[in-house]
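A.B. asks: Okay, structure incoming, though there's no sequence with it:
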């Protein structure tokens, strides 16, 4: 028989739920005897309450991360970069927060209450703060990194403190306690991640959604722990903690009441005083400015997408050369939810049907209902020949079988890669899927942006799927009249017309003459760009290739 040492004598006042004395080196603050008896009386319920707090706090923490990612994508457009920055900084900061929390475990309930109050306030106000920085200060990325780091430190401090609280309720093997705590944490993250796109964002939007999440965080984190471990802090400290929790909730409520005013003021600083319409749709921020009689400006995620006096240049150049190169009875328009390119399509008498595929129904609805934008588009979306589909153009192309339908003309009215920060609409995969739907003699026309940036890489993608291409350009920027200072006429927009056989470049006789194009100008631009084509074109963009 082996005799085990009895160990150090128990210190008065440090016994836990099962009466086992603490290990040497532990520095837990003694719990009053009446608190110990209460915990021993219903330890399972107390432990479940702590795990539930961990569950809710994890859900709120992930919502904060997703709010920052979504806002960064809205404002800066490059979702890959914003996601990478937020997640990497957040994970690093969480590790730093876990290390810092070691100094707080002597009074875990008090520390956890303070951490949750700070996290609820910081995370709840994060979206409004970053939007204000973007609108008034301009240093959005630095503010995003700093705020992400602070939120990550506070989230990282939660687990060590919760682990200490769980062990105070009932002493058990550290592995079992960690398993239960991390299970609650991960399941909470799952619920928060699913609630954000399907519940929080549609119901509240980014700003109010963050404020609501902060309120839930404060109640579930600070309040639950203060109720469960209310004997740990001294009475004066306990009152201060409850007051701090109430102050956080009051500040979040006040911010919710003022959020619309802050957003309106920020938008006025960005876009001017004449904001006709502004909303956060499921996919992007949409802002329409200008008087009803014009000129109108349409901003998508802060990017000037339509400048009323100049929009016809790009719309005409995209549509008319493609419509003139062959049959044009059946047209597929990818993007173009504003109805402006569609207006040019419908000016051709041979058009029998047009299908518009745009991911954002809010933009299409705005183009139908706003008097100014609808008039600019000649109410093209109300034409009986037009049908619309709410779908991501790439996903829609992937879902359609070539045997189901084909089109004489496919028009990709989508932002150029340099404008949108995404390559999927200019990738080899996208062009390959679009080419499958071309009828014999069909043509595909795409925007290539500035003729000095990305034109040849976009052409490489079209050629990689077996199409012959003709580059051309139209003089005059798409937003020259909306920029400060005189228009020097030096800007140009580049386009590519592609087909299985070399497509002719010209203008059709069955439509009114375009304002910005002539056949001679098109051919001259094509000759100039063809002479500039590099001997070794760059590699095509692909979904898995380098950017």
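C.D. replies: The structure has been received and is ready for your questions. Given the structure is predicted, the values throughout are model-derived calculations rather than measurements.
A.B. asks: and residue 164, how many residues sit next to it?
C.D. replies: 22 (other Cβ atoms under 10 Å). C-beta: built from backbone N, CA, C; applies to glycine.
A.B. asks: which residues in the stretch 201-350 of the chain form helices?
C.D. replies: Counting by DSSP state H, counting those that start in this stretch, the stretch 201-350 of the chain has helices at residues 201-217, 224-228, 235-271, 311-324, 340-345.
A.B. asks: Residue 159 is nearest to which of the ones you listed?
C.D. replies: helix 224-228 (13.8 Å; Cβ to Cβ).
A.B. asks: In that closest one, which residues are buried?
C.D. replies: 224, 225, 226, 228 (16 or more other Cβ atoms under 10 Å).
A.B. asks: Any chance of a markdown table for these, columns distance to residue 289 and pLDDT?
C.D. replies: Below are those laid out as a markdown table (distance: Cβ to Cβ, whole Å; pLDDT from 0 to 100):
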| residue | distance to residue 289 | pLDDT |
| --- | --- | --- |
| 224 | 46 | 74 |
| 225 | 48 | 75 |
| 226 | 48 | 76 |
| 228 | 52 | 81 |
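A.B. asks: Which of the helices of the stretch 201-350 of the chain sits closest to residue 192?
C.D. replies: helix 201-217 (8.2 Å).
A.B. asks: Show me where the stretch 401-547 of the chain has its strands.
C.D. replies: For the stretch 401-547 of the chain, the strands defined by DSSP state E, counting those that start in this stretch occupy 407-413, 438-449, 468-475, 492-499.
A.B. asks: Turn those into TSV, columns for mean pLDDT, mean neighbour count and distance to residue 159.
C.D. replies: Output for the strands of the stretch 401-547 of the chain, formatted as TSV (pLDDT from 0 to 100; neighbours: other Cβ atoms under 10 Å; distance: least, Cβ to Cβ, whole Å):
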stretch	mean pLDDT	mean neighbour count	distance to residue 159
strand 407-413	96	25	48
strand 438-449	93	22	47
strand 468-475	92	21	56
strand 492-499	92	25	53
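A.B. asks: export those strands to CSV and tack on distance to residue 220?
C.D. replies: Below are the strands of the stretch 401-547 of the chain laid out as CSV (distance: least, Cβ to Cβ, whole Å):
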stretch, distance to residue 220
strand 407-413, 46
strand 438-449, 48
strand 468-475, 57
strand 492-499, 52
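A.B. asks: Tell me who's in contact with the residue most central in space within the chain.
C.D. replies: The chain has residue 70 as the residue nearest its centroid, 2.8 Å off, counting by Cα atoms, centre = their mean. Neighbouring residues of residue 70 by Cβ atoms under 8 Å, 6 or more residues apart in numbering: 196, 201, 206.
A.B. asks: what kind of secondary structure is it in?
C.D. replies: On the three-state scheme (DSSP: H, G, I helix; E, B strand; the rest coil), residue 70 is labelled helix.
A.B. asks: how about low-confidence regions in the stretch 151-300 of the chain?
C.D. replies: Scanning the stretch 151-300 of the chain for pLDDT under 70 picks out 273, 292-294.
A.B. asks: Now with 90, please.
C.D. replies: 164-178, 180, 197, 201-207, 219-239, 241-242, 259-285, 290-297, 299-300 (pLDDT under 90).
A.B. asks: got it, and the stretch 1-150 of the chain?
C.D. replies: Scanning the stretch 1-150 of the chain for pLDDT under 90 picks out 1-50, 53, 68-85, 102-110, 130-144.
A.B. asks: And the strands in it?
C.D. replies: According to DSSP E, counting those that start in this stretch, the stretch 1-150 of the chain contains no strands.
A.B. asks: Can you show me the helices along it?
C.D. replies: 33-41, 43-76, 79-101, 108-132, 140-156.
A.B. asks: which element follows the last one toward the C-terminus?
C.D. replies: Translated: helix 140-156. helix 158-169 (DSSP states H and E).
A.B. asks: The closest residue to residue 297 other than its chain neighbours bridge partners, please.
C.D. replies: Closest residue in space to residue 297, ignoring its immediate chain neighbours: residue 289 at 4.8 Å, by Cβ to Cβ, 6 or more residues apart in numbering. In this entry, residue 289 is beta-bridged to residue 275, residue 297, by DSSP bridges.
A.B. asks: My guess is residue 289 contacts residue 276. True?
C.D. replies: Yes - taking Cβ atoms under 8 Å as the definition, residue 289 is a contact partner of residue 276 at 6.1 Å.
A.B. asks: Need the overlap of contacts for those two.
C.D. replies: Residues touching both residue 289 and residue 276 by Cβ under 8 Å, 6+ apart: residue 296.
A.B. asks: Of all the helices of the stretch 1-150 of the chain, which one comes closest to residue 240?
C.D. replies: The closest of the helices of the stretch 1-150 of the chain to residue 240 is helix 108-132. By Cβ to Cβ, the value is 9.7 Å.
A.B. asks: Run the angle between the closest one and helix 201-217 for me.
C.D. replies: Helix 108-132 and helix 201-217 meet at an angle of 150 degrees, taking axes from the mean of the first three to the mean of the last three Cα atoms, to 10 degrees as the criterion.
A.B. asks: counting contacts, what elements does helix 108-132 pack onto?
C.D. replies: Applying 3 or more Cβ pairs under 8 Å, 6 or more residues apart in numbering; DSSP states H and E, one finds that helix 108-132 contacts helix 43-76, helix 140-156, helix 158-169, helix 201-217, helix 224-228, helix 235-271.
A.B. asks: Reformat the ones you listed as a markdown table; add distance to residue 313.
C.D. replies: Output for the helices and strands packed on helix 108-132, formatted as a markdown table (distance: least, Cβ to Cβ, whole Å):
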| stretch | distance to residue 313 |
| --- | --- |
| helix 43-76 | 26 |
| helix 140-156 | 30 |
| helix 158-169 | 55 |
| helix 201-217 | 34 |
| helix 224-228 | 60 |
| helix 235-271 | 22 |
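A.B. asks: wait, which of those is closest to residue 361?
C.D. replies: Closest to residue 361 of the helices and strands packed on helix 108-132, according to Cβ to Cβ: helix 201-217, at 12.4 Å.
A.B. asks: can you pull the buried residues of the closest one?
C.D. replies: For helix 201-217, using 16+ other Cβ under 10 Å, the buried residues are 201, 204-217.
A.B. asks: which residues sit against that helix?
C.D. replies: 56-57, 60, 63-64, 67, 70-71, 74, 116, 119-121, 123-128, 131, 196, 200, 248-249, 252-253, 255-256, 259, 263, 280, 282.
A.B. asks: got a list of what residue 535 touches?
C.D. replies: Contacts of residue 535 (Cβ under 8 Å, 6+ apart): none.
A.B. asks: Please tell me how far it sits from residue 411.
C.D. replies: As for residue 535, its distance to residue 411 is 30 Å (criterion: Cβ to Cβ, to the nearest Å).
A.B. asks: just to revisit the earlier point, ok, how many other residues are close to the residue nearest to residue 297?
C.D. replies: Neighbours around residue 289, by other Cβ under 10 Å: 24.
A.B. asks: residue contacts, it?
C.D. replies: With contacts defined as Cβ under 8 Å, 6+ apart, residue 289 is in contact with 271, 272, 274, 275, 276, 296, 297, 299.
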